[in-house]
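Visitor: No sequence on hand, only this structure:
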Ligand SMILES: [Zn+2]
Ligand SMILES: [Zn+2]
């Protein structure tokens, strides 16, 4: 089969690789009908995230049709059935899964010992996302093996198109959880850093959940325009001071809720700070850049909440702990507990409350994947979200 | 809506990405100031060298002990002039600096035969080669830094995303549409733990 394969920094190729096979009774094989490139795939493309190996198949946002099931699926899924696959693999039986904390499933990461060492305790297995989280082959391919498929799936109504439901596997519930974690009240100003796909989903979720003001911070004009389309007030941080504007919008008090939809490759508009983080990252003194985090802690209203859906991989430097502690800020973060939200979100799409396909700006064939990675990373051609069809 | 959208994508792909980075001019490149000034310096250097080669091609050829190369050196002078104007005139000098690297290779290939045979000016040829090697090295560094420079975001929005709300109605009309959603207490914390302003609201 054809698949997008990781070969090294900025080197992703469309290769022919062996078809996946059923390896366990709870496996299913799906024929991918649509997949997407995610912002967090760029951390692998740029190789800021350790733990990739040559030959790994990329991709964790995908959906398709069941073509084969293991013996343990027991009629939960049938051949020909269409499912969206959540990016977190879940066993459905461990303590964490039972409590609905799916992204920290204790059994789905088959490289548990490596993750235990890196993070203290393992987190869930992820598709196409490093050997730290199981080294499972990803979904930017013609076929994928889905482990624990009897639990690791999202059923979707037939009347909705692939593009309407594809993002249920990652960015839509990720944006939703980010907003829900912020515990939005009708009096709240919610500031969201990053107007990429997750930021776009987050700001719409925050609006639906009834925030008084939703403010979105980025420097890419077309992304800001799409954020305004979704009802956000925008701040172009290459042109104006984020802190000043946010204080202006909140009568000097600061936003009650701050959301980091950027993660570890933040670009600080302050050249000196960016250079500092970039250099430390290059010499491995810190693995993640933290300019967004610093700004959120600084500008957030005391007793406010920071919600962090943006992906971090390792260590960061110069976190203003004094401000965080003395202002009594609450930090909520984590990979998305996808299946916890999807039943509700499917209904919202079906009811017409939101159509997540608004974010798609580029459609291409799987073979064009390598160049689409570059287009997406460099934000060329006004690219915001790429959907690939095998 | 999706019909019109997909049409826009089809026309949107460009094939320039097939060329390597260092041969493509992209005005969005933001090289660091040192590289930017180095490139400018090479622009003036090219013009100076080009004029010298044009005016003194014969003398240079004799100095190298290769008198028959005079017309070639004058031709290279024209090349240098063009490169110099290109570097100074372009909004992104990257392909022009890359051209300099190829030019350097050509220069070295032209001068190298001067080391063979009974050339009485071999010492001068050696001096020229060392100088060329030095310039080539700096050219390569400059070209690499330029090609790898980060891109600034597109200056203006070429595509219109103003209607991409994802909502069926105006965004303003959707505010609070999901207010009925009760965030799970195990995620947002028990009521009693929440800041007092919220419970009093
Ligand atoms: Zn993702
Ligand atoms: Zn589990």
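Guide: All right, it came through fine. None of these values were measured; they are calculated from a predicted model. Ligands and ions are numbered 1, 2, ... in the order given.
Visitor: which residue ranges form the helices in the stretch 51-200 of chain A?
Guide: A:95-99, A:112-119, A:162-165, A:171-181, A:197-208 (DSSP state H, counting those that start in this stretch).
Visitor: Which elements pack onto the last one?
Guide: Identification of packing neighbours for helix A:197-208 by 3 or more Cβ pairs under 8 Å, 6 or more residues apart in numbering or on different chains; DSSP states H and E yields helix A:171-181, strand A:189-193, strand A:213-218, helix A:221-229, strand A:257-260, helix B:171-174. Just so you know, the C-beta spots here come from the backbone N, C-alpha and C atoms, and that holds for glycine as well.
Visitor: Which among the ones you listed is found nearest to ligand 2?
Guide: Smallest distance to ligand 2 across the helices and strands packed on helix A:197-208 (Cβ to the ion): 17.1 Å, for helix A:171-181.
Visitor: Could you verify my assumption that residue B:138 touches residue B:41?
Guide: No: between residue B:138 and residue B:41 there is no contact under Cβ atoms under 8 Å: 9.3 Å.
Visitor: How about residue B:177: what's its closest non-neighbour residue?
Guide: residue A:208 (5.0 Å; Cβ to Cβ, 6 or more residues apart in numbering or on different chains).
Visitor: So the one you found sits against residue A:353, correct?
Guide: Yes: between residue A:208 and residue A:353 there is a contact at 6.7 Å, judged by Cβ under 8 Å.
Visitor: more neighbours, these two?
Guide: residue A:208 (24 against 18; other Cβ atoms under 10 Å in any protein chain shown).
Visitor: For the more buried one, which residues are in contact?
Guide: Counting by Cβ atoms under 8 Å, 6 or more residues apart in numbering or on different chains, residue A:208 touches A:348, A:353-354, B:174-178.
Visitor: can you check residue A:307 too?
Guide: A:178-179, A:181-182, A:257-260, A:332-333.
Visitor: In a markdown table: the residues you listed, plus pLDDT.
Guide: Output for the contacts of residue A:307, formatted as a markdown table (pLDDT from 0 to 100):
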| residue | pLDDT |
| --- | --- |
| A:178 | 98 |
| A:179 | 98 |
| A:181 | 96 |
| A:182 | 96 |
| A:257 | 97 |
| A:258 | 98 |
| A:259 | 97 |
| A:260 | 96 |
| A:332 | 96 |
| A:333 | 95 |
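Visitor: Show me what the host helix or strand of residue A:347 packs onto, helices and strands only.
Guide: Per DSSP states H and E: residue A:347 is located in helix A:338-350. Packing partners of helix A:338-350 (3+ Cβ pairs under 8 Å, 6+ apart): strand A:154-155, helix A:162-165, helix A:171-181.
Visitor: now do 10 Å
Guide: strand A:82-85, strand A:154-155, helix A:162-165, helix A:171-181, helix A:197-208 (3 or more Cβ pairs under 10 Å, 6 or more residues apart in numbering or on different chains; DSSP states H and E).
Visitor: hmm, who's touching the second one?
Guide: To tie it back to what came earlier, the one meant is strand A:154-155. A:63, A:76-77, A:81-86, A:165, A:168-169, A:173, A:338-339, A:341-343, A:345-346 (Cβ atoms under 10 Å, 6 or more residues apart in numbering or on different chains).
Visitor: average pLDDT across stretch A:8-16?
Guide: Average pLDDT, stretch A:8-16: 95.
Visitor: Also stretch A:363-383?
Guide: Rounded mean pLDDT across stretch A:363-383 is 93.
Visitor: chain center to that stretch: distance?
Guide: 18 Å (Cα atoms, centre = their mean, to the nearest Å).
Visitor: got it, and stretch B:167-183?
Guide: 45 Å.
Visitor: Same question for stretch B:81-96.
Guide: Counting by Cα atoms, centre = their mean, stretch B:81-96 comes out at 11 Å from the chain centroid.
Visitor: Then stretch A:77-95?
Guide: For stretch A:77-95, the distance to the chain centre is 18 Å (Cα atoms, centre = their mean).
Visitor: cool, and stretch B:129-146?
Guide: That offset, for stretch B:129-146, works out to 16 Å (Cα atoms, centre = their mean).
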